[in-house]
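Chemist: Fold the following for me, if possible:
(chains A and B)
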Amino acid sequence: RKEVEQDPGPFNVPEGATVAFNCTYSNSASQSFFWYRQDCRKEPKLLMSVYSSGNEDGRFTAQLNRASQYISLLIRDSKLSDSATYLCVVTNRDDKIIFGKGTRLHILP
Amino acid sequence: DVKVTQSSRYLVKRTGEKVFLECVQDMDHENMFWYRQDPGLGLRLIYFSYDVKMKEKGDIPEGYSVSREKKERFSLILESASTNQTSMYLCASSLLASGYNEQFFGPGTRLTVL
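Modeler: Next up is the predicted model:
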């Protein structure tokens, strides 16, 4: 099993819809979790950290399920500007940082 | 705002050339990283550094070396460039010596080796 796995997509979603995608991780001792966003031909940028209790930032909600070893990202009322690749990042107890390969999201007008 | 800059956005080199990629951060961050990003393979860590003159191998260090003589600067060196090193190279920095911290990325250098 790969350390961090994401559905590569693309997810083609109409504007205004809700979209969610998951990221699974293999190491049960993983300590911290993040979602990064990468626009086409740009560098990745932190979107949000993922806390055990879940967290919300505007239209974005991130959740962690330790029992099933996955994190999720939910985007409500999607905008054209949400089109990007979303990278899942997991840090293990030894501080090893692992990036997923990303999920491509296309918001359709 | 943290700024991470890379010396070139695009670079074309020939097989066998020695290539230097420079990265500078302006926020006194402890950690610096070099990644390469390829379609279908995602981001892969080449080397990282927790302090000046310190370096640690990442997942794919073969064919690369690094130098960190000053805290703000982290250089990636391709001793003898090969075509399979054609890639997007991304530098990143983070504040503390821990993986819990946000990484700030530079704009990337797209290297083509002919």
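
Chemist: where along the chain do the strands fall?
Modeler: Since you didn't name a chain, this refers to chain A. Assigned by DSSP state E, the strands in chain A fall at A:4-6, A:11-14, A:19-25, A:32-38, A:44-50, A:55-57, A:60-65, A:70-75, A:84-91, A:97-99, A:103-108.

Chemist: my question was about chain B
Modeler: In chain B, the strands defined using DSSP E lie at B:4-6, B:10-13, B:19-25, B:31-38, B:42-49, B:56-57, B:64-70, B:73-78, B:87-94, B:104-105, B:109-113.

Chemist: can you redo these as a markdown table with mean neighbour count?
Modeler: Using the backbone N, CA and C atoms, a C-beta is placed for each residue, glycine as well. A markdown table is the format used below for the strands of chain B (neighbours: other CB atoms under 10 Å in any protein chain shown):
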| stretch | mean neighbour count |
| --- | --- |
| strand B:4-6 | 18 |
| strand B:10-13 | 14 |
| strand B:19-25 | 19 |
| strand B:31-38 | 23 |
| strand B:42-49 | 21 |
| strand B:56-57 | 12 |
| strand B:64-70 | 16 |
| strand B:73-78 | 20 |
| strand B:87-94 | 24 |
| strand B:104-105 | 22 |
| strand B:109-113 | 18 |
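
Chemist: Just grab the bridge partners of the residue nearest to A:V13 when sequence neighbours are not counted for me.
Modeler: Closest residue in space to A:V13, ignoring its immediate chain neighbours: A:V19 at 4.6 Å, by CB to CB, 6 or more residues apart in numbering or on different chains. Listed by DSSP bridges, the beta-bridge partners for A:V19 are A:I75.

Chemist: ok, so what distance separates A:V19 from A:L47?
Modeler: From A:V19 across to A:L47, the span is 14 Å (CB to CB, to the nearest Å).

Chemist: just for chain A, where's the confidence low?
Modeler: Per-residue confidence for chain A (pLDDT under 70) gives these ranges: A:1.

Chemist: Quick one: name the residues of it near chain B.
Modeler: Residues of chain A lying near chain B by CB under 8 Å from any CB of the partner chain: A:31-32, A:34, A:42-46, A:49, A:87, A:91-92, A:95-97, A:99-102.

Chemist: what separates the closest residue to A:S52 other than its chain neighbours from chain B, distance-wise?
Modeler: Once flanking residues are discounted, A:S52 sits nearest to A:L64: 5.6 Å by CB to CB, 6+ apart. Counting by CB to the nearest CB, to the nearest Å, the separation of A:L64 from chain B is 14 Å.

Chemist: mind listing what A:L64 touches?
Modeler: When contacts are counted by CB atoms under 8 Å, 6 or more residues apart in numbering or on different chains, A:L64 touches A:33, A:50-52, A:54, A:71.

Chemist: wouldn't B:V52 be in contact with B:F74 here?
Modeler: No - with contact defined as CB atoms under 8 Å, B:V52 does not reach B:F74; the gap is 9.8 Å.

Chemist: quick one: common contacting residues for these two?
Modeler: Shared contacts of B:V52 and B:F74, defined by CB under 8 Å, 6+ apart, comprise B:R68.

Chemist: re earlier: let me have the strands of chain B in JSON lines, extended by distance to chain A.
Modeler: Formatted as JSON lines, these follow (distance: least, CB to the nearest CB, whole Å):
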{"stretch": "strand B:4-6", "distance to chain A": "8"}
{"stretch": "strand B:10-13", "distance to chain A": "11"}
{"stretch": "strand B:19-25", "distance to chain A": "12"}
{"stretch": "strand B:31-38", "distance to chain A": "8"}
{"stretch": "strand B:42-49", "distance to chain A": "4"}
{"stretch": "strand B:56-57", "distance to chain A": "10"}
{"stretch": "strand B:64-70", "distance to chain A": "17"}
{"stretch": "strand B:73-78", "distance to chain A": "15"}
{"stretch": "strand B:87-94", "distance to chain A": "6"}
{"stretch": "strand B:104-105", "distance to chain A": "4"}
{"stretch": "strand B:109-113", "distance to chain A": "9"}
